[in-house]
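K.L.:
coords below, sequence missing:
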Ligand code: GGG
């Protein structure tokens, strides 16, 4: 079975973790008889912007639309391109034009990693954040008036549609229904954001009628963040709007010791367009160039990509390989964020060796 994958490292540590993501993917592919046809692209990066004055070539949609999946690193290099230009010029275009309306972000405490929360062990933190990925607070509706004057006005609208909200809620309910605990938590702020959020709550309740076996609760986003820290074991599947989901899916992995291991899948569930797989972390300019970024977020995203493409066994093997390397705890191999003195490459190679 041949899989055509578009590989886009992007910026900063994206360029450092991508080779290790590919090393693991290739090891798994060779073990399970999957043929990977990789096409490498330098766009969707700030280096490309420096040369071309835009993040993407004009024909990017045509170029990418027939791949089976997109494997992405990270975006952003604020020293040369403002973050809103780089993000809106690349990743957000992919999510919108390829209708990747689900951003699925697992959050799990892995063996060998110490949670900053007291007395947590693997199994205690194991949930998914399902983030709405194409609308909500990430809207381009708004503008500035009277710029630079005393009367300056800035407006940005939140856009929620019934179509867009119901489809991500359906995905979240189905995921919850498929898991042993069958529990869904909705992130809201319907006391303060008194138009869109009460409506979101209504859609959650309405969709819930189709899933009587799923237990549903909801929290305002402020106390929900507190409960991620105090009671991460309460959560199974958490569904949230675009912005709330983004925040929760950084906080969740931080509670598991490091955001460096967190993966994500930007999914177009209908398969009309390719889905995109990337670590949750960004380009991390503070550590870029040092060769110490944890590659597991990229590697785990590769496992999610294989699972999405129907290669469950290969995906499970990748997860088992990085769990085994973490559990072994060899400091010389592990990256500094998980207590080691090793490098991106030493950790990536150890995982690929396990897979061979
Ligand atoms: N690998 C993901 C990445 O580069 N993220 C940068 C970022 O800030 N993303 C914002 C978002 O996911 O909304």
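P.N.:
All right, it came through fine. Since the structure is predicted, the reported quantities are computational estimates derived from the model, not experimental observations.

K.L.:
what is the mean pLDDT for the longest helix along the chain?
P.N.:
The residue-count maximum for a helix in the chain (DSSP state H) belongs to helix 14-32. Averaging pLDDT along helix 14-32 gives 98.

K.L.:
now that helix, how far from the centre of its chain.
P.N.:
Relative to its parent chain, helix 14-32 has a centroid offset of 18 Å by C-alpha atoms, centre = their mean, to the nearest Å.

K.L.:
Show me what secondary structure element comes after it.
P.N.:
Once the chain leaves helix 14-32, the next helix or strand it forms, by DSSP states H and E, is strand 35-40.

K.L.:
related to what we said a few turns ago, hmm, the longest helix of the chain in reach of the ligand?
P.N.:
No - shown here: helix 14-32 not in contact with the ligand (C-beta under 6 Å from any ligand atom), separated by at least 6.6 Å. C-beta: built from backbone N, CA, C; applies to glycine.

K.L.:
Next: stretch 274-289.
P.N.:
Yes - Stretch 274-289 lies within reach of the ligand by C-beta under 6 Å from any ligand atom, at 278-279, 281-283.

K.L.:
before we move on, back to that, list the buried residues for the longest helix of the chain?
P.N.:
14-29, 32 (16 or more other C-beta atoms under 10 Å).

K.L.:
Just the residues of stretch 274-289 next to the ligand: which are in strands?
P.N.:
Within the residues of stretch 274-289 next to the ligand, residues falling in strands by DSSP state E are 278-279.

K.L.:
Return the members of the residues of stretch 274-289 next to the ligand classed as buried.
P.N.:
278-279, 281-283.

K.L.:
Could you grab the helix/strand/coil label for the residue most central in space within the chain?
P.N.:
Centroid-nearest residue in the chain: residue 264, 2.8 Å away (criterion: C-alpha atoms, centre = their mean). Of the three states, residue 264 takes strand under DSSP: H, G, I helix; E, B strand; the rest coil.

K.L.:
Please, where are all the strands along the protein?
P.N.:
2-10, 35-40, 69-74, 102-108, 126-132, 142-145, 153-156, 183-188, 215-220, 237-240, 263-267, 275-279.

K.L.:
can you redo the ones you listed as JSON lines with mean pLDDT?
P.N.:
Below are the strands of the chain laid out as JSON lines (pLDDT from 0 to 100):
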{"stretch": "strand 2-10", "mean pLDDT": "98"}
{"stretch": "strand 35-40", "mean pLDDT": "98"}
{"stretch": "strand 69-74", "mean pLDDT": "98"}
{"stretch": "strand 102-108", "mean pLDDT": "97"}
{"stretch": "strand 126-132", "mean pLDDT": "98"}
{"stretch": "strand 142-145", "mean pLDDT": "96"}
{"stretch": "strand 153-156", "mean pLDDT": "97"}
{"stretch": "strand 183-188", "mean pLDDT": "98"}
{"stretch": "strand 215-220", "mean pLDDT": "98"}
{"stretch": "strand 237-240", "mean pLDDT": "98"}
{"stretch": "strand 263-267", "mean pLDDT": "98"}
{"stretch": "strand 275-279", "mean pLDDT": "98"}
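
K.L.:
Alright, that wraps it up for me.
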